[in-house]
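1. The sequence isn't on hand, but the structure is:
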């Protein structure tokens, strides 16, 4: 799909509103769950955005109503739950970071933020050395700008730290590049394999989001150590251990993929017109169980 580019160099397209809606829903859900835990544990919430951008992109309105980027959306949802997170914002563009700083201040968003200019692989390793001894709740978000800049090995190294065990991972993955690289020995770039995307980060429970339509090959991969995390059917996010998630993965990553499963508004699913699954919506009622389990 052809992409436009903002003045600070970020790519966006007709699929951007779908991504941002899904991100806002997931951040709202994550904030509500963690708020109930933080009320009892007083643990800090950490938010790490590996490709934060400027936070405000008026160009996004070409395709929808949302002009805010992931760092501002995350802070809005966290502050709505009275969470003042520890934030690490990474970007290779200095103008993006300066714009983000101003936007956070102008919107009076509450956070303890550090801004990291440069390669996010280097920044992430520095962040890991800068972390306190606290046990964190939180989320790390990786949304590379194009086919590169996806630090899966560095992500795994950070998640091996015991203090990061309760921090979840969300990745916006360009599955087309994975397919082209894995099936073309002459490809002149090195990205990440399907195995690395699904399991290379070291988290135990993996979810995949159904794309907005079959031609869009960017999708969310969500990873957590909470074994009882449910599907989030409102944004069509499904466990890769189930038939629905497996069907989505096959379509996204398999060069000879099957059609996408049909996912209906009520959460029921039909795969190739033969099977139906009724999957309940996820809620936040099991936050205490999550804290105990993790």
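-> Nice, thanks for sending it over. Predicted model, so just to flag it, every value in this text is computed and none were measured.

2. those helices in the stretch 51-200 of the chain, which residues are they?
-> Listed in chain order, the helices of the stretch 51-200 of the chain (DSSP state H, counting those that start in this stretch) span 70-80, 94-106, 120-130, 152-159, 175-183, 194-199.

3. which regions of this protein sit below the pLDDT cut-off?
-> Low-confidence regions of the chain, defined by pLDDT under 70, span residues 1-15, 58-67, 146-150, 176-194, 214-217, 254-294.

4. for it, what spans make up the strands?
-> 4-5, 11-12, 45-49, 86-91, 112-117, 137-142, 167-174, 205-209, 218-224, 237-239, 262-263, 268-271, 275-278 (DSSP state E).

5. Export these as JSON lines, with columns for mean neighbour count and distance to residue 253.
-> In short, each C-beta sits where N, CA and C put it, glycine included. As requested, those are exported to JSON lines (neighbours: other CB atoms under 10 Å; distance: least, CB to CB, whole Å):
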{"stretch": "strand 4-5", "mean neighbour count": "13", "distance to residue 253": "26"}
{"stretch": "strand 11-12", "mean neighbour count": "17", "distance to residue 253": "21"}
{"stretch": "strand 45-49", "mean neighbour count": "26", "distance to residue 253": "25"}
{"stretch": "strand 86-91", "mean neighbour count": "24", "distance to residue 253": "26"}
{"stretch": "strand 112-117", "mean neighbour count": "16", "distance to residue 253": "31"}
{"stretch": "strand 137-142", "mean neighbour count": "23", "distance to residue 253": "17"}
{"stretch": "strand 167-174", "mean neighbour count": "23", "distance to residue 253": "9"}
{"stretch": "strand 205-209", "mean neighbour count": "22", "distance to residue 253": "9"}
{"stretch": "strand 218-224", "mean neighbour count": "23", "distance to residue 253": "10"}
{"stretch": "strand 237-239", "mean neighbour count": "24", "distance to residue 253": "15"}
{"stretch": "strand 262-263", "mean neighbour count": "17", "distance to residue 253": "18"}
{"stretch": "strand 268-271", "mean neighbour count": "17", "distance to residue 253": "16"}
{"stretch": "strand 275-278", "mean neighbour count": "12", "distance to residue 253": "21"}
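
6. closest one to residue 36 among the ones you listed?
-> When the strands of the chain are compared by CB to CB, strand 137-142 sits nearest residue 36, at 10.4 Å.

7. Report all helices and strands that that closest one contacts.
-> helix 16-41, strand 45-49, helix 70-80, helix 152-159, strand 167-174 (3 or more CB pairs under 8 Å, 6 or more residues apart in numbering; DSSP states H and E).

8. run the last query once more with 10 Å
-> For strand 137-142, the helices and strands in contact under the criterion 3 or more CB pairs under 10 Å, 6 or more residues apart in numbering; DSSP states H and E are helix 16-41, strand 45-49, helix 70-80, strand 86-91, helix 120-130, helix 152-159, strand 167-174, strand 218-224.

9. quick one: strands adjacent to that strand?
-> Strand 137-142 has the following sheet partners, assigned by DSSP bridges: strand 45-49 (parallel), strand 167-174 (parallel).

10. who does residue 173 bridge with?
-> As for beta bridges, residue 173 partners with residue 219 under DSSP bridges.

11. Tell me the spacing between it and residue 209.
-> The span separating residue 173 from residue 209 equals 10 Å under the rule CB to CB, to the nearest Å.

12. Same question for residue 80.
-> Separation of residue 80 from residue 209 (CB to CB) stands at 23 Å.

13. just to revisit the earlier point, distance to residue 113 added to the helices and strands packed on strand 137-142, as TSV?
-> Rendered in TSV, the data for the helices and strands packed on strand 137-142 read as follows (distance: least, CB to CB, whole Å):
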stretch	distance to residue 113
helix 16-41	16
strand 45-49	9
helix 70-80	9
strand 86-91	4
helix 120-130	12
helix 152-159	18
strand 167-174	17
strand 218-224	24
